[in-house]
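Asker: Mind folding the following:
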Amino acid sequence: MRLVGCINKEICELAMIFFITLLAVAFIIAAAGAKRRASKRYDLPLENPAISLAILKENLLENPSEQSLQKLKEFAVSQNLEIPKEEYPLGKAHSIEQDDSLFLSQAKWLDCLTPIEFNEEPKTEKSMLNGILRLYSDVAIFKAFEEMGEKFPSERQQKLEQGYHTLCELRDSSKADYNSLEKLRMEKEKWEGEAKCF
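Answerer: Here you go, the predicted model:
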């Protein structure tokens, strides 16, 4: 019995070491990717304010810092966009549950800076859809789909909205292992591809 207990303990220790190593490798890869993307985004396409705003929002989400926040605020002011009164949550999460909660707070704040595509005149299906692709929270996305459905009701719009519902269900039921997250990433890219071809 003692031998079995020792073997089980060694297996648990090896599994824990493997899991920690896997997390460390994933973190290093993500950090390198974020740094590379951030360097590419430093030069904003000023001739296209909608894309510039999207880049600054994404940069703040991926690289939360006072500098990124200040740059976004300055750009928003230059475009006469109202900045949320609440402070942007810059903190770091210590667990998956906290990470989910933090992302929801950050997404809500970022979505208060309305995508410039929603202000284009005349409003078109394409401009509204481009704006939807610039949103982060489910609440904002479904609200925008509802407005799009009222202005431009179509079977394609309903199919795309239903596709996002399905994506949300997959996300909410997905496990936190590599294969599940990779499947979710591929499904999201597929949905975004369909939206861009709208």
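Asker: In terms of pLDDT, where does the most centrally placed residue in the chain sit?
Answerer: Closest residue to the average C-alpha location of the chain: residue 136 at 5.4 Å, with C-alpha atoms, centre = their mean. Among the per-residue scores, residue 136 shows a pLDDT of 94.
Asker: Measure how buried the residue nearest to it when sequence neighbours are not counted is and give me the count.
Answerer: On the basis of C-beta to C-beta, 6 or more residues apart in numbering, the spatially nearest residue to residue 136 that is not a chain neighbour turns out to be residue 107, at 3.6 Å. (C-beta placed from N, C-alpha, C; glycine too.) Residue 107 sits with 19 neighbouring residues when counted by other C-beta atoms under 10 Å.
Asker: Correct me if wrong: residue 107 contacts residue 141.
Answerer: No: under the contact definition of C-beta atoms under 8 Å, residue 107 does not touch residue 141, with a separation of 9.8 Å.
Asker: now the residue nearest to the centre of the chain, what's its secondary structure?
Answerer: Applying DSSP: H, G, I helix; E, B strand; the rest coil to residue 136 yields a three-state assignment of coil.
Asker: Kindly report the same for residue 74.
Answerer: When classified by three-state DSSP, residue 74 comes out as helix.
Asker: next helix or strand past the lowest-mean-pLDDT helix or strand in the chain?
Answerer: Per-element confidence for the chain was summarised using mean pLDDT, DSSP states H and E. The lowest value among helices and strands belongs to helix 2-40, with a mean of 51. Once helix 2-40 ends, the next helix or strand along the chain (criterion: DSSP states H and E) is helix 49-62.
Asker: Who are the packing partners of that next one?
Answerer: Where contact means 3 or more C-beta pairs under 8 Å, 6 or more residues apart in numbering; DSSP states H and E, helix 49-62 is packed against helix 2-40, helix 66-78, helix 96-112.
Asker: Report all helices and strands that the shortest one contacts.
Answerer: Taking 3+ C-beta pairs under 8 Å, 6+ apart as contact, the helices and strands that helix 66-78 lies on are helix 49-62.
Asker: what's in contact with the helix it packs on?
Answerer: Contacts of helix 49-62 with the rest of the structure, by C-beta atoms under 8 Å, 6 or more residues apart in numbering, involve 34, 37-38, 41, 44-46, 68-69, 71-72, 75-76, 79, 81, 88, 106-107, 110, 113, 115-117, 130, 134, 136.
Asker: and if we set it to 7 Å?
Answerer: Residues outside helix 49-62 that contact it (C-beta atoms under 7 Å, 6 or more residues apart in numbering): 34, 37-38, 41, 44-46, 68-69, 71-72, 75, 79, 106, 110, 113, 115-117, 134.
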